[in-house]
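Colleague: give me the fold of what follows.
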Amino acid sequence: MCGIAGWVDYERAEEALRTGVGPMTATMADRGPDAEGIWSGPHVALGHRRLAVIDIEGGKQPMTVADGNGEVLVALTYSGEVYNFTELRAELEAHGHTFRTRSDTEVVLHAYLEWGDGFAERFNGMYAFALWDARREELLLVRDRMGIKPLYYMPTRDGVLFGSEPKAILAAPGVRAEVDLDGMRELLSFTKTPGHGIFRDMYEVRPGEIVRVGRNGLKTRRYWRLEAREHTDDVDTTVTNVRGLLDDIVARQLVSDVPLCTLLSGGLDSSAVTALAQRTLHEGGMGAGRTAERIRSFAVDYAGQEDRFQADEMRETPDAPFVRDLVAYAGPDHRDIVLSPAELLAPGLRETVLHARDLPVGMGDMDTSLYLLFKAVRERSTVALSGESADEVFGGYRWFHDPEAVNADMFPWMAFGMRGSGAGGVLAPDLTTKLDIEGYQRQRYAEALAEVPRLPGEDGRERRMREICYMHLTRFVQILLDRKDRMSMAVGLEVRVPFCDHRLVEYVFNAPWAMKTYDGREKSLLRGATRDVLPESIVERVKSPYPSTQDPAYEQALRDQVSDLLADGDAPARALIDPAPLRETLDSPLGEVSDQRNRFGMEIALQLNTWLRDHDVALSW
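Modeller: Below is the predicted model of the structure:
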């Protein structure tokens, strides 16, 4: 997978750039624990930390291609996977290109030499990379269509700084971590505005975008975006086509030279990926993650969760019984990762997770448990397939099917109830007024709505549901993809997301909503396409999000930590938070804070304090 960093400056000496990129690259060590490399030339230095997945010996980076005289033509620092690299390599060889390695990295370089910046349209995969064209003295920053892999940049007076994560840019000489009111609004509003980097003067390459950097500044080009197209297939044909796409996608994403597994929750999405992977391995013997033709799988659970589980508005059932059903039915080589409150509250864990995410996002045990899950998985596998993004693609969340949320003039996940999960409830009143987070959310909602592609004559429910689907595929999914990337790469685990294959996304996006719910339920197309490989219990299971611990010991520990924060007159977050709602939470009976809105308030207060204390952040307002 890897982490990348770099610096282009048309006025500084090469040695200064190379020296500056060293610390930037070092911040990416967790993303790439296997090797480090730096390449420099006039006006540029590229850094790379490698997680070796394909062509262990030959895929070292940064990678270059030179002419017959040894002069470098192009150089690349690359993160991700191009799943169709084998076909592209054959096509390039037919055009006369020769290859030194088996890696997809070298295919990307030669694809650029053959097709210029039109090469990105030919890739199927998840990737974020920087390519330096020494002939033109230009840099290209390229990100995959769905934004699975992150890539940030900061324009400078004479060039640009870039990195897989903000921390790489913040490690550059003379750069300070600064957040203004607009950055704070983005951070706390539970939106994910394409291109917004939160830190002042920092941007994120948009999904499906190329940023070209030259002596005359920066230019951007979108090489992919969702388009509205007429869907002419009937239901049966559509279900068949979805299955055909999934079979191809899973098979492509099982290619690996290192141990591979799946992440299993017992829900429809992860169970479908696991079952299809198991069938593919059994029939074709592909991949490095098999044990006697069995795919490895891992599930997270909390000690005592199944026994004490209480249904709420988001989760009707615990995961464990359904995980067991899938394991018995499909036969993966499975292992449960069971976490205790002590592990979730281990000293330094919040700091570790916050360092990985760069920002206080307040997801609490849903972040720390994901980190601990991935850490345990990484002891046995280097690559994992995930069911992430199926809800956005197929319409799985409950608010897709809630008339009030669908018809509200705001992002539907906020209308459904997540509005109350915002941080505004614990912020100081004067800061709440300055931020006007609800106004910011309305502005961002209006921008998203204006982008939606439409078919001529499309109106009523179909028009509205296209809008809802578009917002999830361009905003909401980015929140979850970013979380999964940071938590997995913090332990050097590559997580692949089959449901983000752009071919599947395009096809299902344009299927009418009536077809996406043809059996009267959520995710009808996915259920119909994978029913034959799943037990009936999972086929019929209602959507249940990633689990959160219900252990009162965890809640009590949060209360103790918040109490300590409120008692500390020097706590840096005291200037940002309103103690009153936090004290009200502390005075309430233990157990009522299982309401996620209340617990979120405690989590965000603690994370804000850790962030301000440990990350040398300047707040400019």
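Colleague: every contact and neighbour count from this point should use C-alpha atoms.
Modeller: Noted.
Colleague: now stretch 404-423: how far from the chain's centre is it?
Modeller: Centre-to-centre, stretch 404-423 and its host chain are 22 Å apart (C-alpha atoms, centre = their mean, to the nearest Å).
Colleague: with stretch 294-307 instead?
Modeller: With C-alpha atoms, centre = their mean as the basis, stretch 294-307 stands 22 Å off its chain's centre.
Colleague: start to end distance for that stretch?
Modeller: End-to-end distance for stretch 294-307: 30 Å, by C-alpha to C-alpha, to the nearest Å.
Colleague: and what of stretch 308-319?
Modeller: Stretch 308-319 end-to-end distance (C-alpha to C-alpha) = 13 Å.
Colleague: which parts of it are buried?
Modeller: Under the neighbour-count criterion of 16 or more other C-alpha atoms under 10 Å, stretch 308-319 has 315, 317-319 buried.
Colleague: among the residues you listed, which are in helices?
Modeller: Among those, no member is found in helices (DSSP state H).
Colleague: out of those residues, list just those in strands.
Modeller: In strands, judged by DSSP state E, none of the buried residues of stretch 308-319 are found.
Colleague: where in this structure is pLDDT low?
Modeller: 1, 55-56, 285-292, 362, 418-424, 592-597 (pLDDT under 70).
Colleague: show me it divided up by domain.
Modeller: Per automatic domain parsing, the structural domains of the chain span 3-222, 235-539.
Colleague: any chance of these in TSV, with distance to L619 too?
Modeller: Shown next, in TSV, are the domains of the chain (distance: least, C-alpha to C-alpha, whole Å):
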stretch	distance to L619
domain 3-222	5
domain 235-539	12
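Colleague: ok, which of the ones you listed comes nearest A571?
Modeller: Of all the domains of the chain, it is domain 235-539 that lies closest to A571, at 14.2 Å by C-alpha to C-alpha.
Colleague: may I have the distance across the closest one, first residue to last?
Modeller: End-to-end distance of domain 235-539 (C-alpha to C-alpha): 18 Å.
Colleague: right, and the domains of the chain - which one's nearest A557?
Modeller: Among the domains of the chain, domain 235-539 comes nearest to A557, with 7.7 Å by C-alpha to C-alpha.
Colleague: what is the nearest of the buried residues of stretch 308-319 to Q278?
Modeller: Within the buried residues of stretch 308-319, the smallest distance to Q278 is 20.0 Å, found for D319 (C-alpha to C-alpha).
Colleague: I figured that closest one hits S270, correct?
Modeller: No - at 11.5 Å, D319 does not count as touching S270 under the criterion of C-alpha atoms under 8 Å.
Colleague: quick check: phi and psi at A66.
Modeller: In terms of degrees, to the nearest 10, the main-chain angles of A66 are phi -110, psi 160.
Colleague: run through the bridge partners of it.
Modeller: Per DSSP bridges, the residues bridged to A66 are V72.
Colleague: and it, what is it in contact with?
Modeller: Counting by C-alpha atoms under 8 Å, 6 or more residues apart in numbering, A66 touches 72-74.
Colleague: so which of those wins on neighbours?
Modeller: In terms of neighbour count, V74 stands highest of these at 23 neighbours, by other C-alpha atoms under 10 Å.
Colleague: partner residues bridging the closest residue to that residue other than its chain neighbours?
Modeller: Distance criterion C-alpha to C-alpha, 6 or more residues apart in numbering; nearest residue to V74, sequence neighbours excluded, is D133 at 4.7 Å. Residues in a beta bridge with D133, per DSSP bridges, are V74, E138.
Colleague: and D133, how far from L139?
Modeller: From D133 to L139 the distance is 6 Å (C-alpha to C-alpha).
Colleague: ok, these two, which is more surrounded?
Modeller: When neighbours are counted by other C-alpha under 10 Å, D133 and L139 differ, and L139 comes out ahead with 25 against 17.
Colleague: residues contacting the residue lying closest to that one once chain neighbours are set aside?
Modeller: Excluding the flanking residues, the one nearest L139 by C-alpha to C-alpha, 6+ apart is W132, at 4.5 Å. Taking C-alpha under 8 Å, 6+ apart, we find W132 in contact with 44, 74-76, 138-140.
Colleague: likewise for R466?
Modeller: So R466 contacts 452, 454, 509, 513 (C-alpha under 8 Å, 6+ apart).
Colleague: what sits closest to the second one if chain neighbours are left out?
Modeller: Among residues not flanking R454 along the chain, A228 sits closest, at 5.4 Å (C-alpha to C-alpha, 6+ apart).
Colleague: spit out the contact partners of that neighbour.
Modeller: Neighbour list for A228: 453-455, 510 [criterion: C-alpha under 8 Å, 6+ apart].
Colleague: and which of these is nearest to R279?
Modeller: Of the contacts of A228, the one sitting nearest to R279 (C-alpha to C-alpha) turns out to be N510, at 28.5 Å.
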